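Participant: Compute the structure for the input listed below.
(chains A and B)
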Amino acid sequence: MNPHALLFWAFFKISLFSIGGGYNMVPLMQHEVETRGWLPSGRFMDMLAISEATPGPIAVNLATFAGYQVAGVSGAAAATAGVCLPGAALLLALGLMASHLRETPAFRAAMRGLMPALVGLLTATAIRLGLALVPAGVAPDSLPPLLIFAVVLGLILRRKTPPLPLLAGSAAAGIVFMLAGIP
Amino acid sequence: MTRPTYPALAWSFLRIGATAFGGGMAALPVFEAELAARRRWLTSAEVAEEYAIAQSVPGVIIVNFAVLAGLRLAGKRAAVLSAFAVALPSFFVILALAALVGTRWDNRWVAGALAGLRPAVVALIAGAAVRLGRRHLRSPLLLAAAAAGAALMLGRVLGPVPLILAGAGAGLAIHGFRRRPEAAP
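Facilitator: Next comes the predicted model:
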């Protein structure tokens, strides 16, 4: 398969199997990007950071970015089309019936089973990406990322701080560490 | 209520796409401000209803919402137009950033900022897991199921797609045949 068909198909699949948008796509996307060897996991986190800090749907931002990295502007278009299509086509086909779907007992039952799976996937992804942050393991080099992680997580859970100021603060902290010569 | 023209609809969704920071989970106020307060095409309750539907089907929440709102306001063509319009700003902003940053990963300012952003991104994902868990996993059994899912994924026993299908299947098997009393006519 040529890279454009592959990008389209990969992002179509990612989108088709994720309910609840951007964050819930991250595990699928990381899996796909990693198993295909498209990007190293550090670069994946960089794309995620930029996608979350810019306006618009996070999933579209990520698809555009990943597509561009793999196959240029046309790759970005293929990945973006793939990620938008499943939901858009389904809703166009269902039309006004979509609102009834949510009320059916089968849908509610499937959603109840989906929740533990989603939480498990997000947890596993956080652990996997978190381990990639500290390649040195228990070492002084691991302190700056651990510090930023702890502060941001604390603010999200305790203060419900929105992502944008958290990301801006973290980028600033990264630059301060860089200027101070801390790895 | 007047039916919106195509250019007006496209312009509204371009504005939404260019201003919705934080993605779909944070977009409800942006939808309300544009479609209910500014244009008065929908009421706040209608916006909230379409938003809830957009969240409960697969795909991109903001794009799904654009399809639903376009469909409701002016039919299928409007739905497709709205979806394109809402994704377009993202596409170009990210292309510009990717072209700008993609050749400068090793620049020390870019590298410094990204070194700070990476742990924040992991914290955001961990935070999403905790928040979703607090809201939906209210029994030890459900927590154990989530832990088992995480272990299967970390051990590379199951990929995300089989895990999601297994979760939905288990939900259907356990709750699917139980009738809800309030659902009776």
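
Participant: my guess is residue A:82 meets residue A:6, correct?
Facilitator: No - under the criterion of Cβ atoms under 8 Å, residue A:82 is not in contact with residue A:6, lying 9.8 Å apart. No exception for glycine: its C-beta is placed from N, CA and C like everyone else's.

Participant: The two - which one has more neighbours?
Facilitator: residue A:82 (24 against 19; other Cβ atoms under 10 Å in any protein chain shown).

Participant: Helix or strand: which one has the more buried one?
Facilitator: helix A:58-94 (DSSP states H and E).

Participant: Name the next helix or strand following that helix along the chain.
Facilitator: Next along the chain after helix A:58-94, taking DSSP H and E as the criterion, comes helix A:98-101.

Participant: mean confidence for that next one?
Facilitator: Helix A:98-101 shows a mean pLDDT of 77 in the predicted model.

Participant: Now do that helix: distance to the chain's middle.
Facilitator: Averaged C-alpha coordinates place helix A:98-101 at 27 Å from its chain's average position (Cα atoms, centre = their mean, to the nearest Å).

Participant: Now name the helix or strand holding the spatially most central residue of chain A.
Facilitator: Chain A has residue A:26 as the residue nearest its centroid, 3.1 Å off, counting by Cα atoms, centre = their mean. In the assignment (DSSP H and E), residue A:26 maps to helix A:22-35.

Participant: Could you give me the buried positions within the next helix or strand after that helix?
Facilitator: Downstream of helix A:22-35, the first helix or strand assigned by DSSP H and E is helix A:41-53. Within helix A:41-53, the residues that count as buried by 16 or more other Cβ atoms under 10 Å in any protein chain shown are A:41, A:43-53.

Participant: Alpha carbons of helix A:41-53, as CSV, please.
Facilitator: Output in CSV follows, covering the C-alpha atoms of helix A:41-53 (Å, rounded to 0.1, in the frame of the first residue of the first chain):
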residue,chain,number,x,y,z
SER,A,41,7.7,8.1,21.0
GLY,A,42,9.5,11.3,21.9
ARG,A,43,8.4,12.9,18.7
PHE,A,44,4.8,11.6,19.2
MET,A,45,4.7,13.4,22.5
ASP,A,46,6.0,16.6,20.8
MET,A,47,3.2,16.4,18.3
LEU,A,48,0.7,15.8,21.0
ALA,A,49,1.9,18.8,22.9
ILE,A,50,1.6,21.1,19.8
SER,A,51,-1.8,19.6,18.9
GLU,A,52,-3.2,20.4,22.3
ALA,A,53,-1.8,23.9,22.4
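
Participant: which stretches of chain A aren't confidently modelled?
Facilitator: Applying pLDDT under 70 to chain A flags residues A:183.

Participant: on that earlier part again, could you tell me which ones among the buried residues of helix A:41-53 also sit near chain B?
Facilitator: Restricting the buried residues of helix A:41-53 to those touching chain B (Cβ under 8 Å from any Cβ of the partner chain) yields A:43, A:45-46, A:48-53.

Participant: for the residues you listed, which one is nearest residue B:154?
Facilitator: Of all those, the one sitting nearest residue B:154 is residue A:45; the distance, using Cβ to Cβ, is 17.3 Å.

Participant: my read: the residue nearest to the centre of chain A touches residue B:125, true?
Facilitator: Yes - assessed by Cβ under 8 Å, residue A:26 is found in contact with residue B:125 at 6.0 Å.

Participant: Find residues that contact each of these two.
Facilitator: Shared contacts of residue A:26 and residue B:125 (Cβ atoms under 8 Å, 6 or more residues apart in numbering or on different chains): A:122, A:125.

Participant: how about the helix holding residue A:82: buried residues?
Facilitator: Applying a neighbour-count criterion of 16+ other Cβ under 10 Å, one finds A:58-71, A:75-88, A:90-92, A:94 buried in helix A:58-94.

Participant: try stretch A:3-12
Facilitator: A:3-4, A:6-8, A:10-12.

Participant: and what of stretch A:174-183?
Facilitator: Judged by neighbour count using 16+ other Cβ under 10 Å, the buried positions of stretch A:174-183 are A:174-175, A:177-178.

Participant: which two in the residues you listed are spaced the farthest apart?
Facilitator: Spatial extent of these (Cβ to Cβ) is set by the pair A:175 and A:177 at 7.3 Å.

Participant: what touches both of the two?
Facilitator: B:112, B:116.

Participant: Residue A:135 belongs to a strand?
Facilitator: No - counting by DSSP: H, G, I helix; E, B strand; the rest coil, one finds residue A:135 to be coil, located in no strand.

Participant: Give the residue spans of chain B that score low on pLDDT.
Facilitator: For chain B, the stretches with pLDDT under 70 are B:1-2, B:177-185.

Participant: What segments of it are helices?
Facilitator: Using DSSP state H, the helices of chain B run over B:6-19, B:28-31, B:44-55, B:61-101, B:108-136, B:140-154, B:160-175.

Participant: From the contact counts, what lies against the one helix or strand residue A:7 maps to?
Facilitator: Counting by DSSP H and E, the element that carries residue A:7 is helix A:3-16. If you count contacts as 3 or more Cβ pairs under 8 Å, 6 or more residues apart in numbering or on different chains; DSSP states H and E, helix A:3-16 packs onto helix A:22-35, helix A:58-94.

Participant: Can you get me a residue count around residue 121?
Facilitator: Since you didn't name a chain, this refers to chain A. Residue A:121: 29 surrounding residues under other Cβ under 10 Å.

Participant: oops, chain B please
Facilitator: Neighbours of residue B:121 under the rule other Cβ under 10 Å: 30.
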